[in-house]
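Participant: Provided below for reference: sequence and predicted model.
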Amino acid sequence: MSTQTPLKVLHIDSSGRYTDSVSRDLTRYFADELQKELTDTEITYRDVAKGLPFVDEAWVTANFTAADDRTDAQKQTLALSDTLVQELFNTDIIIIGVPIYNFSMPAVLKAWVDMVARAQVTFHYTENGPAGLLKNKKAYLVVASGGTTIGSDIEFATGYLKHILSFMGITDVEIIKADVLMADAEAKLNEARTDIRRKVDFTSKQSALAA
Ligand SMILES: Cc1cc2nc3c(=O)[nH]c(=O)nc-3n(C[C@H](O)[C@H](O)[C@H](O)COP(=O)(O)O)c2cc1C
């Protein structure tokens, strides 16, 4: 199936492991199925587990200096953050692999959030309060856990990610879960794959309508 313009997908992984990573397997499955179903798909891949810097003083100072007044060194300090922000602006669909680490997300995924949540760039303050600047995007959180139930009171990743994405304007966020994998992992994986195929089917129909 082809659409008038390519469907742009940003595929993000954050698991520290590459062998047997459930979240990596499922996000890849999602991206592959989308590409099969909608042949005109452009996928950008970002593996944040390869490492991202933490916010430090130089970064904060550069970020809080008006864009026109930044020195070359400050521009360089913000260069990776600018690239990550641009990846978000350039996409229609964001697929984020979220392994649950210590009841939350991997630190490197939070580092990614800190690199893209930027005042005047991805959000700003209006007389009615904060408003997100990322528009018309849909995000899928593909979450894997060993024993923590996703959406329970002791799971601190998905609620936070939904909030921060919506703070930046991405209000349409869905969760695909393979949780409590310590019990009946195969059934959980099959359910997650079925859920992904449903979402791909939905996206394909939406794209056909828009074409
Ligand atoms: C450092 C670390 C911390 C973890 N903490 C939790 C946890 O708090 N709750 C949980 O259910 N599983 C926890 N797990 C298990 C992972 O969520 C589970 O293995 C999941 O499949 C990881 O995603 P991945 O397969 O994509 O690597 C942890 C795993 C690691 C490596």
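Facilitator: That came through fine.
Participant: by contact count, what packs against the host helix or strand of Pro130?
Facilitator: Pro130 is located in strand 129-132, with elements delineated by DSSP states H and E. In terms of contacts (3 or more Cβ pairs under 8 Å, 6 or more residues apart in numbering; DSSP states H and E), strand 129-132 is packed against strand 123-126, helix 158-167. Backbone N, C-alpha and C define where each C-beta goes, glycine included.
Participant: now do the buried residues in the shortest one.
Facilitator: So that's strand 123-126. Phe123 (16 or more other Cβ atoms under 10 Å).
Participant: may I see the buried residues of the helix or strand where Gln76 lies?
Facilitator: Per DSSP H and E, Gln76 falls inside helix 72-77. Neighbour counts over helix 72-77 (16+ other Cβ under 10 Å) mark 74, 77 as buried.
Participant: need the next SSE after that helix, C-terminal direction.
Facilitator: helix 79-89.
Participant: packing partners of that next one?
Facilitator: With contacts taken as 3+ Cβ pairs under 8 Å, 6+ apart, helix 79-89 sits against strand 41-47, helix 107-116.
Participant: rewinding a little: mean confidence for the strand holding Pro130?
Facilitator: Per-region confidence: strand 129-132 scores 96 on mean pLDDT.
Participant: indicate each strand paired with it and its parallel or antiparallel sense.
Facilitator: strand 123-126 (antiparallel) (DSSP bridges).
Participant: chain center to the partner strand: distance?
Facilitator: In terms of Cα atoms, centre = their mean, to the nearest Å, the centre of strand 123-126 is set 21 Å apart from its chain centre.
Participant: list of residues touching it?
Facilitator: For strand 123-126, contacts defined as Cβ atoms under 8 Å, 6 or more residues apart in numbering pick out 117, 119, 130-133, 167-169.
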